[in-house]
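Trainee: Sequence and predicted structure below; questions after.
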Amino acid sequence: MRASAPARAPVTLAGPGGLLLPASLLLALVFLALVLLALVFLALCVRLQHILAAERRRGEAAIRELEEAQARQQALEAVLEAMPDGLLVLDPTLRVVLCNSRYATLTGLPLALCTRGPTLRSVLQAQAETGEFGLVDVEQEVAQQVARVHAGTAQPPVERRRPDGTIIELHHAHLPAGGFLVRCREVAPRLPVTAARDDAPSPLGRRIVLPPAPMAPPPAFAAITGLRPRRCLVLLVEDMPVNQMVTATQLRREGHRVDVASSGAEALRMVEAGIYDVVLMDLMMPGMSGYEAARHIRTLPPPAGQVVIHALTANAGEEERQRCLAAGMQGMLSKPVAPGIMARVLQQGAAAPTSIPQAASAPAALLDLARLVDLRRDLPPAALVSLCGQCLGDMDTRLAALRTALDEGAAEAVGQQAHALAGMAASYGLPLMAQAMQALMAATRAGDTRTARTIGQGLDHVFAESGTALRGWLRELGT
């Protein structure tokens, strides 16, 4: 009988520490490790996909922001090119940031330098070498002008006769965040020119006749007024720059040509040329008041003496209206002037005396949102923020002068400062502040010093609340 074969032992492998493991178990562990590696790799791929998607979204957002910035830049360039004035803006290092072609035309600046990057010195050098400053030592003249800019002192407007006989006026300003701005406009063009009157010679030595430029009808005019559009050449007489910018922008948006005079005497010189359709006259200005300027204008021979004059005032009462009419004005407009009212006044011209009926007195809010929305529509965000900040700063300075005048009992000075503050407050949507100024003016005119002092004691609180509300509104706009 045959002996049976012994049973075969299972295959084993040595594991860690000498432990013997079946081959099938070891294979299973290897498979599990491979699966885990695959899962880790898959997780890494998903994570990488998320990272790439996020980077793609950021890239797309950056491209959109770049496109929006380019669109804003193109819009700004279009606005600059449409401006009737020349504009040059320098950064804190005195390099050109913005320059429109009108500035190059008016000042003789080569167009190659009317771009971003050239220094102020190179701009002045190019102008001096072409004779824009007359027969001067080029290096010395450039050095003096650069030194005046570096000094940081305020510079008054300057009139300059160009080599071709054109007279331009230049306004200089240091920007709050650093940098420098130059605005220039044509005061007297070279052509056409007619002889000046023998009995009252022009201060420029000649009379200028400037026909209005043809313009397309403004799109919003008919919708606001229901009248056929009429474009006007307007002289705005206003001594406060923050109000000049707002009113002039409003008029230019409707297609009117606007010149600005900062005083009654300057307005008289400009009207003497006899080229304006309408004069918008502030009443309370240093030196020659609006009333005096209007009376002097009415003594000029036609056509200058017949120009339509409307007063701009923050205190449009019946007494002021009668004074305006007695001074030879056609009517009176209350600041701020609504676009529809302004359009009707410019359309109708001198057809009838104009006055704005006053609403019944009511408690005023801190902000006039309708007015602020108008400003937001008319002005670029950065300009709106800058002007509002400048307005609040000017109001703070005038409040200090007003308190001094109240303490000294100087009624005339109180009236002047209160009138200026009322106009600024109304123009920048601060009705509570404007109402307080109007009440102060009424008390001053009535000789009620006790009431005037009582109102004056609360002005700091009203101004602080109004300023806080305005700054908050600007922040909510994201500007």
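Mentor: Ah, there it is.
Trainee: mind checking how far the closest residue to R298 other than its chain neighbours is from V308?
Mentor: Closest residue to R298 apart from its sequence neighbours, by C-beta to C-beta, 6 or more residues apart in numbering: G328 at 3.9 Å. For every residue, glycine as well, the C-beta is placed using N, CA and C. Going from G328 to V308 by C-beta to C-beta, to the nearest Å gives 11 Å.
Trainee: Next: Q140.
Mentor: The value you get for Q140 to V308, if C-beta to C-beta is used, is 48 Å.
Trainee: same thing with M342?
Mentor: Distance, M342 to V308, using C-beta to C-beta: 13 Å.
Trainee: Please apply the same query to A104.
Mentor: According to C-beta to C-beta, A104 and V308 sit 34 Å apart.
Trainee: now R252
Mentor: Relative to V308, and taking C-beta to C-beta, R252 is found at 19 Å.
Trainee: rewinding a little: G328 and V308: which has the busier surroundings?
Mentor: V308 (21 against 15; other C-beta atoms under 10 Å).
Trainee: Need the phi and psi values for that one.
Mentor: Torsion angles at V308 (phi, psi; degrees, to the nearest 10) stand at phi -70, psi 130.
Trainee: what does V260 give?
Mentor: Here V260 shows phi and psi, under degrees, to the nearest 10, equal to phi -120, psi 130.
Trainee: which residues does it contact?
Mentor: If a contact means C-beta atoms under 8 Å, 6 or more residues apart in numbering, then V260 has 235-238, 244, 248 as its contacts.
Trainee: Restricted to helices, list these.
Mentor: Among the contacts of V260, the members found in helices (DSSP state H) are 244, 248.
Trainee: Between the contacts of V260, which sits nearest T153?
Mentor: Q244 (21.4 Å; C-beta to C-beta).
Trainee: Need the pLDDT of that closest one.
Mentor: Q244 carries a pLDDT value of 85.
Trainee: from memory it sits against L236, does it?
Mentor: Yes - assessed by C-beta atoms under 8 Å, Q244 is found in contact with L236 at 6.6 Å.
Trainee: Comparing those two, which residue is more hemmed in?
Mentor: The residue with more neighbours, out of Q244 and L236, is L236; 23 against 18, by other C-beta under 10 Å.
Trainee: where's the more buried one relative to Y428, distance?
Mentor: 17 Å.
Trainee: For the helix or strand where Q49 lies, which helices and strands make contact with it?
Mentor: Secondary structure from DSSP states H and E places Q49 in helix 23-82. When contacts are defined as 3 or more C-beta pairs under 8 Å, 6 or more residues apart in numbering; DSSP states H and E, helix 23-82 sits against strand 12-14.
Trainee: Repeat the analysis, applying 10 Å as the threshold.
Mentor: strand 12-14, strand 20-22, strand 86-90, strand 96-99, helix 101-107 (3 or more C-beta pairs under 10 Å, 6 or more residues apart in numbering; DSSP states H and E).
Trainee: so how far is it from its chain's centroid?
Mentor: 42 Å (C-alpha atoms, centre = their mean, to the nearest Å).
Trainee: Let me know the secondary structure of L346.
Mentor: Three-state call for L346 (DSSP: H, G, I helix; E, B strand; the rest coil): helix.
Trainee: Just the pLDDT for it.
Mentor: pLDDT, L346: 81.
Trainee: could you measure it against V234, distance?
Mentor: 7 Å.
Trainee: Between the two, which contacts overlap?
Mentor: Each of 251, 256, 277-278, 280, 308, 310 lies in contact with both L346 and V234 under the rule C-beta atoms under 10 Å, 6 or more residues apart in numbering.
Trainee: Just those: which are in strands?
Mentor: Mapping the shared contacts of L346 and V234 onto strands (DSSP state E) picks out 278, 280, 308, 310.
Trainee: So which residue is smack in the middle of the protein?
Mentor: In the chain, the residue lying closest to the centroid (C-alpha atoms, centre = their mean) is A383, at 3.8 Å.
Trainee: ok, and the closest non-adjacent residue to it?
Mentor: Nearest non-adjacent residue to A383 (C-beta to C-beta, 6+ apart): M245, at 7.7 Å.
Trainee: if you skip the residues just before and after it, what's nearest to R445?
Mentor: Nearest non-adjacent residue to R445, counting by C-beta to C-beta, 6+ apart: G415, 7.2 Å away.
Trainee: Do I have it right that that neighbour meets L440?
Mentor: Yes - between G415 and L440 there is a contact under C-beta atoms under 10 Å: 8.6 Å.
Trainee: if I look at these two, which residues touch both of them?
Mentor: Common neighbours of G415 and L440, counting by C-beta under 10 Å, 6+ apart, are 402, 452.
Trainee: Of those two, which one has the most company?
Mentor: Taking other C-beta under 10 Å, G415 and L440 do not tie; L440 has more neighbours (26 against 19).
Trainee: For the more buried one, give me its contacts.
Mentor: 402, 406, 414-415, 417-419, 421-422, 451-456, 459.
Trainee: Most neighbours among those residues, which one?
Mentor: A418 (30 neighbours).
Trainee: unless I'm mixing things up, that residue is touching A410, no?
Mentor: No - with contact defined as C-beta under 10 Å, A418 does not count as touching A410 (11.7 Å).
Trainee: Now the common contact residues for the two.
Mentor: Residues touching both A418 and A410 (C-beta under 10 Å, 6+ apart): 402, 444.
Trainee: And A38, what's its pLDDT?
Mentor: Note for A38: predicted pLDDT of 90.
Trainee: swap in the one 5 residues further on?
Mentor: If you check A43, the pLDDT there is 90.
Trainee: likewise the one 10 residues further on?
Mentor: For A53, the pLDDT comes out at 89.
Trainee: neighbours around it, how many?
Mentor: With other C-beta under 10 Å as criterion, A53 counts 10.
Trainee: Tell me where the stretch 301-450 of the chain has helices.
Mentor: 318-326, 339-348, 369-378, 381-408, 411-427, 431-445, 449-457 (DSSP state H, counting those that start in this stretch).
Trainee: got the angle for the helix or strand where A464 lies vs helix 411-427?
Mentor: Here A464, judged by DSSP H and E, is contained in helix 459-476. Between helix 459-476 and helix 411-427, the angle comes out at 20 degrees (axes from the mean of the first three to the mean of the last three C-alpha atoms, to 10 degrees).
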